[in-house]
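>>> can't give you the sequence, but here's the structure:
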């Protein structure tokens with residue numbers, strides 16, 4: 001057997017058998033398993049270890065006596081040019097976690113991480129094929145808005161929406177006569193303290209220009225949070241010769257929306273705290289309770305080399321079923337691609353253990369008050385002269401009327417709006433196109449059978 005050259009997610013080196021060896025074995029058992037090589041220095045140099053005939057048996061017995069539930073590693077001797085090395089192999093436990101003298105560890109990257117109470121709970125639920133959001137909540141069905149469930153049902157199936165209570169049962173959102181945690185988060189009738197979300201516009205670290213606090217159901221929070229962000233973004237205009245100029249924001253709006261959705265879906269709702277967004281002149285900071293899921297690193301995240309495991313799979317499925325997210329695990333790539341396409345913005349991710357931070361930072365000219373690079377295909381320069389005659393403009397009040405109409409009925413059609421407003425259908429189409437370019441409106445699903453969604457202003 002060859003000894004690996006370096007330590008890794010599944011490899012640990014120790015010069016001698018001690019308490020740290022047991023900690024590493026527990027961390028491996030609570031993660032994906034691994035090997036501890038005793039008789040090897042941290043730098044990978046083989047130094048060997050002195051062994052008696054029963055050394056491995058004594059070590060295994062000590063591991064068993066100090067862990068609960070007891071773990072039993074496999075021991076193998078390896079002769080490396082006359083120097084003896086012992087490999088202690090630990091398979092992952094089927095039902096986790098285990099501890100060493102009352103302390104719980106898990107392997108993250110090349111290090112052993114002391115687990116918090118929330119992480120312990122999540123690990124247990126995960127290993128027992130459950131999740132926190134699938135469990136019955138402490139609320140009653142009276143705390144759920146069936147009207148909100150009905151809107152959700154129509155978004156899922158516009159042509160033939162199901163009965164609200166049947167939807168809850170079919171999606172396993174009710175257990176033992178109580179709404180699940182996912183159900184309560186998605187359809188809370190009133191104030192939902194579990195989903196507290198705070199956002200602010202800062203001039204500096206202590207000066208707040210604008211702030212707001214949300215504690216609603218998750219679907220409402222998406223719209224409200226995006227509305228707040230949109231009114232606090234800088235925007236410029238690019239004249240390209242078309243009847244209407246293009247609007248360019250200093251940040252990629254579609255990336256921001258994807259980040260907000262990830263904050264709600266992957267938040268650890270068992271941790272104290274709230275989702276937070278801080279908008280500064282040169283950056284936006286997004287933070288939420290709960291670090292990365294077990295075994296996932298920032299490096300794997302940005303390289304798209306990981307298997308998506310939503311912390312709240314039931315919440316994720318609710319968002320996916322109405323088109324708010326696509327397949328699991330594709331969100332980070334879309335965020336990175338959007339930032340690359342936009343230009344003038346750098347994104348960074350930081351795993352803080354019990355919370356996660358995403359930062360959108362302006363770069364270059366954008367960092368000094370300018371607007372980010374224009375979208376591909378548009379002109380950044382405004383012509384010195386513009387024609388005095390332009391095609392007939394969309395009536396000024398039409399865009400606002402469209403937004404009001406869509407808020408009242410997300411499934412309204414362009415022809416229906418044109419008849420109500422007393423304008424041509426092409427007028428409505430032009431206004432909708434501009435609203436979509438401005439990041440205020442998006443289409444969910446196909447032209448026939450889909451619906452509109454207001455995401456700003």
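Nice, I can see it. Note that the structure is a prediction, hence the values are computed from the model and not measured.

>>> so residue 116 makes contact with residue 291?
No: the pair formed by residue 116 and residue 291 falls short of the contact definition of C-beta atoms under 8 Å, at 9.1 Å. Backbone N, C-alpha and C define where each C-beta goes, glycine included.

>>> more neighbours, these two?
residue 291 (24 against 17; other C-beta atoms under 10 Å).

>>> separation between the more buried one and residue 17?
From residue 291 over to residue 17 the distance is 31 Å, taken as C-beta to C-beta, to the nearest Å.

>>> that older thread, identify the contacts common to residue 116 and residue 291.
Applying C-beta atoms under 8 Å, 6 or more residues apart in numbering, one finds that residue 116 and residue 291 are jointly contacted by 353, 354.

>>> all helices of the protein, in order?
Taking DSSP state H to define them, one finds helices in the chain at 19-29, 55-66, 117-127, 146-156, 164-170, 181-187, 218-231, 253-266, 298-302, 313-321, 331-342, 398-408, 414-421, 425-437.

>>> mind giving me the packing neighbours of the first one?
This points to helix 19-29. Judged by 3 or more C-beta pairs under 8 Å, 6 or more residues apart in numbering; DSSP states H and E, the packing partners of helix 19-29 are strand 11-14, strand 34-38, helix 55-66, strand 67-68, strand 83-90, strand 99-100, strand 105-108, strand 111-114.

>>> try the fifth one
Counting contacts by 3+ C-beta pairs under 8 Å, 6+ apart, helix 164-170 packs against helix 146-156.

>>> contacts for the helix it packs on, please.
Looking at helix 146-156 with C-beta under 8 Å, 6+ apart, the contacting residues turn out to be 161-165, 167-168, 186-187, 189, 217, 219, 318, 321-323, 410-411, 444, 451.

>>> wait, doesn't residue 137 sit right on residue 176?
No: with contacts defined as C-beta under 8 Å, residue 137 does not count as touching residue 176, sitting 10.4 Å away.

>>> looking at those two, which is more packed in?
Relative neighbour count places residue 137 above the other of residue 137 and residue 176, with 20 against 7, counting by other C-beta under 10 Å.

>>> residues in contact with the more buried one?
Remark: with contacts taken as C-beta under 8 Å, 6+ apart, residue 137 is in contact with 178, 179, 180, 181, 183, 184.

>>> again, only this time at 10 Å
In this structure, residue 137 makes contact with 143-144, 175, 178-185, 188, 194, judged by C-beta atoms under 10 Å, 6 or more residues apart in numbering.

>>> mind giving me the PyMOL command for buried ones among the residues you listed?
Here is the PyMOL command that picks out the buried ones among the contacts of residue 137, judged by 16 or more other C-beta atoms under 10 Å:
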select buried, resi 143+144+178+179+180+181+182+183+184+185+188+194
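
>>> now tabulate the contacts of residue 137 in CSV and tack on distance to residue 3.
Formatted as CSV, the entries for the contacts of residue 137 read as follows, by distance: C-beta to C-beta, whole Å:
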residue, distance to residue 3
143, 58
144, 57
175, 50
178, 54
179, 53
180, 48
181, 46
182, 46
183, 51
184, 52
185, 48
188, 55
194, 49
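
>>> for the residue most central in space within the chain, give me the pLDDT.
Most central residue of the chain, judged by C-alpha distance to the mean C-alpha position with C-alpha atoms, centre = their mean, is residue 262 at 2.6 Å. Among the per-residue scores, residue 262 shows a pLDDT of 92.
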